[in-house]
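Peer 1: please find the sequence and the predicted model below.
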Amino acid sequence: MTDSHRWLWLAGLLLAGWLVYQLTPILSPFLVGILLAYLGDPLVDRLERWMSRTWGVVVVFTLFGLLLLVALLVLLPMLGKQMVHLYQLAPQILDWLQQRALPWLQVRFGLSESFWQIGHLKALFTEHLGQTTDIASQLLSRATASSLALLGWLGNLLLVPVVSFYLLRDWDILVAKLRALLPRRQEGLVVKLVSECHEVLGAFLRGQLLVMLALGAVYALGLMLVGLDLGLLIGVLAGLASIVPYMGFVVGIGAALVAALFQFGGDLYPLFGVAAVFTVGQLLEGMLLTPLLVGDRIGLHPVAVIFAVLAGGQLFGFTGVLLALPVAAVIMVLLRHVNELYKLSDLYGKDSPTG
């Protein structure tokens, strides 16, 4: 590649980054549509064995719609009730922390009495506790105060299924046309790099997201069977946190043990039940879910996932969060090839001079 070509590629990358930054306010529905189309493409490809691709897309959309309807009608109201219940219990939890848990820690670790500022948190929750029933009216008044913003948000929400439907229907055609535009000399290398990026993203997005959903269901059902009042909420949060391996276990068991101590006091059986639920979840993840859904494909490192999501959100907001994992996968694949080229170069293989 000549110097002029290198500068041309660099200018193209800078222009693409500038365009992404300028179009950030309108990119979100298109990125969500692309993500849904990418996730649904393998299922539609399998359905093409028995029906046309358009009908396969209709079947997949119907399935997604039913799942979304179940979540809206069943899961969200239950989660809303538990969140309101948690908010109402917050002063009592702070009292329990101040009168029982924290004194034990102070005696155990020799901390001063002024180390914890629980009183300020309790006063804050108590002051705003009476406003919980007025949350809906406050949200509605803020939304209607800016009708244009509300219409824009609704428009973006309705745009997502439209974009994902057409992209999913024409996915193979678009991929073929993009491949036809590649320079003939570099087609093999570009296809290889894209295939590795697809493998990484597929292993993480399709595999790890299914693991996340399965663990969320296991944790939520198990904690509800134990009798934990906030079992559904903690189980769902633990499942969402499982998008980063092992984080869901740490977050979930910590929150569940605190909730069990507050609800059941010193009774050991609920604590053993909580520990059993998360132990079963980890065994299922390690022995069944991860080998079955993710396999031995190389995914993104947990630290890379955390950094990519935080960096994307800091730079580009919600659009950056959506772009974080694909960009991280591309960078990871490119760094892997740069490492291979470096090890094949004279710089790596040349012997050090002897004195």
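Peer 2: Cool, the structure landed.
Peer 1: past the helix or strand E199 falls within, which element shows up next along the chain?
Peer 2: Using DSSP states H and E, E199 sits in helix 187-201. Next along the chain after helix 187-201, taking DSSP H and E as the criterion, comes helix 209-226.
Peer 1: contact partners of the following helix or strand past that next one?
Peer 2: Per DSSP H and E, the first helix or strand lying C-terminal to helix 209-226 is helix 231-241. For helix 231-241, the surrounding residues in contact (C-beta atoms under 8 Å, 6 or more residues apart in numbering) are 75, 78-79, 82-83, 86, 212-225, 228, 247-253, 255-256, 259, 278. For every residue, glycine as well, the C-beta is placed using N, CA and C.
Peer 1: what does stretch 157-169 give?
Peer 2: Contacts for stretch 157-169 (C-beta under 8 Å, 6+ apart): 29-30, 32-34, 36-37, 40-41, 44, 53-54, 57, 60-61, 174.
Peer 1: kindly give a single PyMOL line that selects the buried subset of those.
Peer 2: Selection of buried members from the contacts of stretch 157-169 for PyMOL, criterion 16 or more other C-beta atoms under 10 Å:
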select buried, resi 29+30+32+33+34+36+37+40+41+44+53+57+60+61
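Peer 1: nearest to A203 among the contacts of stretch 157-169?
Peer 2: D41 (15.2 Å; C-beta to C-beta).
Peer 1: run the angle between the helix or strand harbouring that closest one and helix 187-201 for me.
Peer 2: Per DSSP H and E, D41 falls inside helix 24-47. Helix 24-47 and helix 187-201 are oriented at 90 degrees to each other (axes from the mean of the first three to the mean of the last three C-alpha atoms, to 10 degrees).
Peer 1: follow-up on the earlier one: tell me what the helix holding E199 is packed against?
Peer 2: helix 302-344 (3 or more C-beta pairs under 8 Å, 6 or more residues apart in numbering; DSSP states H and E).
Peer 1: return the distance of the helix it packs on from the chain's centre.
Peer 2: 15 Å (C-alpha atoms, centre = their mean, to the nearest Å).
Peer 1: next SSE after it?
Peer 2: helix 346-349.
Peer 1: pLDDT below threshold where in the stretch 101-250 of the chain?
Peer 2: For the stretch 101-250 of the chain, the stretches with pLDDT under 70 are 101-153.
Peer 1: one step back: is it possible to mark the buried ones in the contacts of helix 231-241?
Peer 2: Buried, going by 16+ other C-beta under 10 Å: 79, 82, 212-216, 218-220, 222-224, 228, 247-249, 251-253, 255-256, 259, 278, out of the contacts of helix 231-241.
Peer 1: ok so, going back, got the CA coordinates for the helix holding E199 in PDB?
Peer 2: Extracted as PDB, the C-alpha positions of helix 187-201 are listed here (Å, rounded to 0.1, in the frame of the first residue of the first chain):
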ATOM      1  CA  GLU A 187     -11.100  -9.800  -0.600                       C
ATOM      2  CA  GLY A 188      -9.700 -12.900   1.000                       C
ATOM      3  CA  LEU A 189      -8.100 -11.000   3.900                       C
ATOM      4  CA  VAL A 190     -11.100  -8.800   4.500                       C
ATOM      5  CA  VAL A 191     -13.500 -11.800   4.500                       C
ATOM      6  CA  LYS A 192     -11.200 -13.600   6.900                       C
ATOM      7  CA  LEU A 193     -11.100 -10.700   9.300                       C
ATOM      8  CA  VAL A 194     -14.900 -10.200   9.000                       C
ATOM      9  CA  SER A 195     -15.400 -13.900   9.700                       C
ATOM     10  CA  GLU A 196     -13.300 -13.700  12.800                       C
ATOM     11  CA  CYS A 197     -15.200 -10.600  14.000                       C
ATOM     12  CA  HIS A 198     -18.500 -12.500  13.300                       C
ATOM     13  CA  GLU A 199     -17.300 -15.400  15.300                       C
ATOM     14  CA  VAL A 200     -16.300 -13.300  18.300                       C
ATOM     15  CA  LEU A 201     -19.600 -11.300  18.200                       C
END
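Peer 1: now that helix against helix 302-344, angle please.
Peer 2: 150 degrees.
Peer 1: list the buried ones in helix 187-201?
Peer 2: So, applying 16+ other C-beta under 10 Å, buried residues of helix 187-201: 193-194, 196-197, 200-201.
Peer 1: now the residues you listed as CSV including distance to L325?
Peer 2: Converted to CSV, the buried residues of helix 187-201 look like this (distance: C-beta to C-beta, whole Å):
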residue, distance to L325
L193, 17
V194, 15
E196, 15
C197, 11
V200, 9
L201, 7
